[in-house]
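Novice: pasting the sequence and the predicted coordinates here, then a few questions.
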Amino acid sequence: MKGMILIISGALSFLLLISLPMHTSAQSPRPTKVQLAWQDMEFYLFTHFGPNTFTDKEWGAGDEPEDVFNPVGFDPLQWCRIAKQAGAKGIIITAKHHDGFCLWPSKFSNHTVKESKWKNGKGDVLRELSQACRETGLKFGVYISPWDRNHPKYGTAAYNDVFVGMLEEIFSNYGPIWELWWDGANGEGPDGKKQVYDWHRFKETVYRLSPQTLVFSDVGPHIRWVGNERGIAGETNWNTMDTAGYTPGIGAPPTDTLNRGNINGKAWIPAECDVSIRPGWFYHPEEDQKVKTPAQLFNLYLKSVGRGANLLLNVPPDRNGLIARYDSASLVGFGKLVSGSFKNNLSKNARGELHYKGIVYQTDHLIDANEKTMESLPDFREGSFWIKFNPVQKINCIVLKESLEEGQQIKKLSISFVNGAEDMGQINLTTVGHKRIITFPQKTVSGIRIVIQDAKEMPSLSEVETYLIDEKLIEQ
């Protein structure tokens, strides 16, 4: 690692130049630029769509007649418009679920849209959705299950050739593909067919065809499953993890490891939180009244994006091929809650300070709404960060952002509240990561003090934002 160069105002800059140690921590993982851009996306949609949409199943058996798939009103632009209103940055589609039905006319299967009556066999969900995403400025991603309950070659070595051929079709015909989602499901039960997946070959195929695509699975290599389908990351959430000896699916790491990461993990594999807006993953009419409310979605946002992970929210299209009005209303409401809650950053009118060895230095970099600037201290154990308000402010939400270009460093941190000379309490945290959102009962404060109590290497904060959000959105 190069000697640390910090953008800090005032006399402290000279102090830093003469006292900063040089770091050579090659063992500490760093994110790629593509991974950093992925974390900036924060929130996007999952769409489970296929024969299960029409059969009321979650896992199809693979013997469903192709004609059952017939979304006569299919309109991917409607999906994209609603996604944009919700604040989502992309859409990931289930191109092939476990039933083996392909939403594109694959030449490697006879169980595809080509064999259905939808658009007289001329339809192609992937083509239309990828085009709609490009037109609306959304990223396009693909889920493809390696399990295939229909294909006659499943359970033999030849099936790996089939799966590679499908990957080649998808990347050649529907790119650019920003994220590829691999489900590790495998097999038909104790007496059923088992497939030995050639994961190495699958990954090499993706690297060859689209080296910028991020691959998700239980063990990455670029993004990891968070260990649950409730959309909740660990309150301690490291972007690093060890994957040696593990594989996707039944060979995955323990769920608590997936949820928290490994503090000294050797690979940078941040967490993605998947959860459905409905009880099920595919559309079921009886669940129309069970759609999560905007407030429930906001709470999930706090427990995923607000804990340094990304939120992948499943919104299953209905049998017409549209996002149902119930889901649409909730998504739009959620988008308004997020944009409204984080619209008025009270830190912008505050004063940023560094307190180091009894000396106070003014700095704007913690409150300048520019994540490219950051603040550090020569020895974080000797100083603290302050945000001071004049006049006093009512707040109930703080957003911290750690600078991650040189890796995730903060292990333990405290936030203290003061109103003049009055101590207003303290909150203790572990990790910060890309974004940490902390909510609490409303306090009237003249300042907040941030102390990094423990870190792996020299930690840096890029932003400290403060808000007063609707009290009803805060879990007491």
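Specialist: That came through fine.

Novice: now stretch 230-237: buried residues?
Specialist: The neighbour-count check on stretch 230-237 (16 or more other C-beta atoms under 10 Å) flags Gly231, Ile232, Ala233, Gly234, Thr236, Asn237 as buried. From N, CA and C alone the C-beta is placed, and that goes for glycine too.

Novice: okay, these in a markdown table with secondary structure, pLDDT and distance to Leu400 next?
Specialist: Shown next, in a markdown table, are the buried residues of stretch 230-237 (DSSP: H, G, I helix; E, B strand; the rest coil; pLDDT from 0 to 100; distance: C-beta to C-beta, whole Å):
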| residue | secondary structure | pLDDT | distance to Leu400 |
| --- | --- | --- | --- |
| Gly231 | coil | 98 | 21 |
| Ile232 | coil | 98 | 19 |
| Ala233 | coil | 98 | 15 |
| Gly234 | coil | 98 | 16 |
| Thr236 | coil | 98 | 14 |
| Asn237 | coil | 98 | 13 |
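
Novice: farthest-apart pair in the residues you listed, please.
Specialist: Within those, Gly231 and Thr236 form the most distant pair, 17.1 Å apart (C-beta to C-beta).

Novice: can you pull out the helices in the stretch 101-250 of the chain?
Specialist: With helices called from DSSP state H, counting those that start in this stretch, the stretch 101-250 of the chain shows them at 125-136, 158-174, 199-209.

Novice: ok, and what's touching the last one?
Specialist: This means helix 199-209. Contacts with helix 199-209, where a contact means C-beta atoms under 8 Å, 6 or more residues apart in numbering, come from 146, 160, 163-164, 167-168, 171-172, 175, 180, 182, 213, 215, 221, 247-248.

Novice: give me every residue that touches Leu337.
Specialist: Neighbours of Leu337 in contact, by C-beta under 8 Å, 6+ apart: Pro294, Ala295, Leu297, Phe298, Asp470, Leu473.

Novice: quick check, nearest of the residues you listed to Lys107?
Specialist: Closest to Lys107, out of all of these and judged by C-beta to C-beta, is Leu297, at 39.7 Å.

Novice: run a quick neighbour tally on that closest one.
Specialist: By the criterion of other C-beta atoms under 10 Å, Leu297 has 24 neighbours.

Novice: that one: which element?
Specialist: Leu297 belongs to helix 294-304 when assigned by DSSP states H and E.

Novice: name the next helix or strand downstream of that helix, please.
Specialist: Remark: after helix 294-304, the chain's next helix or strand is strand 310-314, criterion DSSP H and E.

Novice: tell me which other helices or strands that next one touches.
Specialist: The contact analysis (3 or more C-beta pairs under 8 Å, 6 or more residues apart in numbering; DSSP states H and E) places strand 310-314 against helix 33-41, strand 43-47, strand 271-276, helix 294-304.

Novice: minimum distance to Val332: which of those has it?
Specialist: helix 294-304 (8.2 Å).

Novice: now do the closest one: distance to the chain's middle.
Specialist: 13 Å (C-alpha atoms, centre = their mean, to the nearest Å).

Novice: hang on, the earlier thing: just put the helices and strands packed on strand 310-314 in JSON lines and tack on distance to Glu465 and mean pLDDT.
Specialist: Listed next are these as JSON lines, based on distance: least, C-beta to C-beta, whole Å; pLDDT from 0 to 100:
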{"stretch": "helix 33-41", "distance to Glu465": "15", "mean pLDDT": "97"}
{"stretch": "strand 43-47", "distance to Glu465": "17", "mean pLDDT": "98"}
{"stretch": "strand 271-276", "distance to Glu465": "21", "mean pLDDT": "98"}
{"stretch": "helix 294-304", "distance to Glu465": "14", "mean pLDDT": "98"}
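
Novice: go through these and name the closest to Phe389.
Specialist: Of all these, helix 294-304 comes closest under C-beta to C-beta, at 23.2 Å.

Novice: got the angle for that closest one vs strand 310-314?
Specialist: 140 degrees (axes from the mean of the first three to the mean of the last three C-alpha atoms, to 10 degrees).

Novice: pull the CA atoms of helix 294-304 into PDB?
Specialist: Listed in PDB are the C-alpha atoms of helix 294-304, where the atom choice follows Å, rounded to 0.1, in the frame of the first residue of the first chain:
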ATOM      1  CA  PRO A 294     -43.500   0.900   2.800                       C
ATOM      2  CA  ALA A 295     -42.600   1.100   6.500                       C
ATOM      3  CA  GLN A 296     -41.700  -2.500   6.600                       C
ATOM      4  CA  LEU A 297     -39.500  -2.100   3.500                       C
ATOM      5  CA  PHE A 298     -37.900   0.900   5.100                       C
ATOM      6  CA  ASN A 299     -37.000  -1.100   8.100                       C
ATOM      7  CA  LEU A 300     -35.400  -3.700   5.900                       C
ATOM      8  CA  TYR A 301     -33.400  -0.900   4.200                       C
ATOM      9  CA  LEU A 302     -32.100   0.100   7.600                       C
ATOM     10  CA  LYS A 303     -31.100  -3.500   8.400                       C
ATOM     11  CA  SER A 304     -29.400  -4.200   5.000                       C
END
